[in-house]
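Visitor: please work out how this folds:
(one chain, ligands or ions: 1)
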Amino acid sequence: MKDNKLDLGISARQMKALEKFALDKGYKSLPDYLLSLHKKNAQKEDPTTYEMPAKRGKLNSVYKTRRGQILHGDSLDWLHSSRNTKTVDLIMTSPPFGLTKKKAYGNEAAHAYVAWFRQFAEGFSNVLKDDGSLVIDIAGAWEKGYPVRSLYHFDVLTMLCREYGFNLCQEHYWWNPSKLPSPAQWVNVYRSRVKDSVNCVWWLSKSKHPKADNTKILAPYSTRMEEVLKSGIKSNSRLPSGHSVTSKFNKDNGGAIPPNLIALANSESNGAYFQYCKDYGFDIHPARFPQGLPEYFIKFLTDPNDLVVDPFGGSSMTGYVAEKLGRKWRSIEMDELYALSGTGRFLDKSPMKSTTTKYEIFSPCFDAKNKK
Ligand SMILES: C[S@@+](CC[C@H](N)C(=O)[O-])C[C@H]1O[C@@H](n2cnc3c(N)ncnc32)[C@H](O)[C@@H]1O
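Guide: Model (predicted):
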């Protein structure tokens, strides 16, 4: 970039030819011609491109602690404010899924979703620090009336990386063992699809080396590893995969490095939030994520006093976990009743309990005839 002008990396001769072409076509200048070309193409590709409203509304603080706030309003206000530029260490969020329930799913809906999401992508890019992370929990969707998956969540990922320069640090998958079989038509009636029980969780960042430390999120060792640690590996051996098992494996590192499959049931059904909603007649938020999801990423990707933001705050689970872990936080929610009912979580003043649960998962193709 020179004097705010972009160097397009084309030769002087090519530039002259382009300028001549633009003038011959009746454009005032080459930039005018290029911008008009871009606009035409963008509209063809994406007829639903959103324009940013010139003036945005005010965000209201509905709950405040020393470290954070629940804000009611459109998070785009916060994300696009120059006051918040490069202030955030982690965006931990779960946007509304599939978006256009009213419209058909499939290409068109995916297209509209991506166009809608671009305004947030721009805001995320504004507020994130260079070594910060963006974590998006996003469920898949089915095309309306067909046992076929929408591509919208992959389109969102591609858009964030290709258009906004985010790096995909590592995809994670959140497996919910308590998920019921759905959609019933294809899974239970036609029996032509299997139970959909994982959400994609895209972990993205501006830099290729964002702040991250996996020693903060260790899982318990497996029984086999516990045995190895007790008896010790005496001699070096090479596995068929080419990996070497050496006496270095004898070292107890305090726990196992977890895989990118996060096994967590979403079975919260009591506690301060539920009681508060019951007492004050609020609807329970229908798309809450479990405490363990923000807990994993907040511990993994931030330090105490870092700023964690959830721009699709819902019932303020991210804010609640950030508060308990000593991080600064903002939970921004557009629906006033969800924003208000989220305050119920903070009535629980006890330290947050982390629970590590062991789930069992069988490999498929069970021989039912010979079962014991
Ligand atoms: C999938 S839910 C998030 C649930 C949350 N993770 C929890 O555990 O409760 C998405 C939320 O985003 C909110 N939302 C959608 N657009 C928004 C916007 N522009 N600003 C703030 N909130 C928005 C919706 O009202 C909805 O509550």
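Visitor: pick out the residue nearest the middle of this structure.
Guide: Centrality entry for the chain: nearest residue to the mean C-alpha point is Ile136, 0.5 Å, by Cα atoms, centre = their mean.
Visitor: distance check, that one against the ligand.
Guide: 11 Å (Cβ to the nearest ligand atom, to the nearest Å). Where C-beta positions appear, they are placed from N, C-alpha and C, glycine not excepted.
Visitor: can you pull the pLDDT of that residue?
Guide: Here, the pLDDT recorded for Ile136 equals 98.
Visitor: same check on Gly232?
Guide: pLDDT for Gly232: 75.
Visitor: how about the nearest residue to the residue nearest to the centre of the chain once chain neighbours are set aside, phi and psi?
Guide: Residue nearest to Ile136 in three dimensions, not counting chain neighbours: Trp202, with 4.7 Å by Cβ to Cβ, 6 or more residues apart in numbering. Phi and psi for Trp202, reported as degrees, to the nearest 10, are phi -90, psi 120.
Visitor: tell me which helix or strand of the protein sits lowest on mean pLDDT?
Guide: Lowest on mean pLDDT, DSSP states H and E among the helices and strands of the chain sits helix 30-45, with a mean of 65.
Visitor: tell me the helix or strand right after that one.
Guide: Later in the chain than helix 30-45, the nearest helix or strand by DSSP states H and E is strand 60-64.
Visitor: now do that next one, average pLDDT.
Guide: Mean pLDDT, computed over strand 60-64, is 96.
Visitor: buried residues in it, which are they?
Guide: Across strand 60-64, burial judged by 16 or more other Cβ atoms under 10 Å covers 62-63.
Visitor: centre of the chain to the next helix-or-strand element following it, how far?
Guide: Per DSSP H and E, the first helix or strand lying C-terminal to strand 60-64 is strand 68-72. Computed by Cα atoms, centre = their mean, to the nearest Å, the chain-centroid distance of strand 68-72 equals 20 Å.
Visitor: each with direction, which strands does strand 68-72 pair with?
Guide: The strands beside strand 68-72 in its sheet (DSSP bridges) come out as strand 60-64 (antiparallel), strand 328-333 (parallel).
Visitor: other residues contacting the longest one?
Guide: When you say that, I think you mean strand 328-333. 59, 67-75, 78, 305-314, 316, 318-319, 322-323, 339, 342 (Cβ atoms under 8 Å, 6 or more residues apart in numbering).
Visitor: distance check, Asn266 against the ligand.
Guide: Here the distance between Asn266 and the ligand works out to 9 Å (Cβ to the nearest ligand atom).
Visitor: and the residue of this protein closest to the ligand?
Guide: The minimum distance from the chain to the ligand, using Cβ to the nearest ligand atom, falls at Gly314 (2.5 Å).
Visitor: which bits of this structure sit near the ligand?
Guide: By Cβ under 6 Å from any ligand atom, the residues of the chain that approach the ligand are 74-76, 94-96, 285, 287-289, 311-312, 314-315, 317, 332-335, 338.
Visitor: switch the cut-off to 5 Å
Guide: Contact residues (Cβ under 5 Å from any ligand atom) of the chain with the ligand: 74-75, 94, 96, 285, 287-289, 312, 314-315, 317, 333-335, 338.
Visitor: which of those are buried, as a PyMOL select command?
Guide: Here is the PyMOL command that selects only those of these that count as buried (16+ other Cβ under 10 Å):
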select buried, resi 74+75+94+285+288+289+312+314+315+317+333+334+338
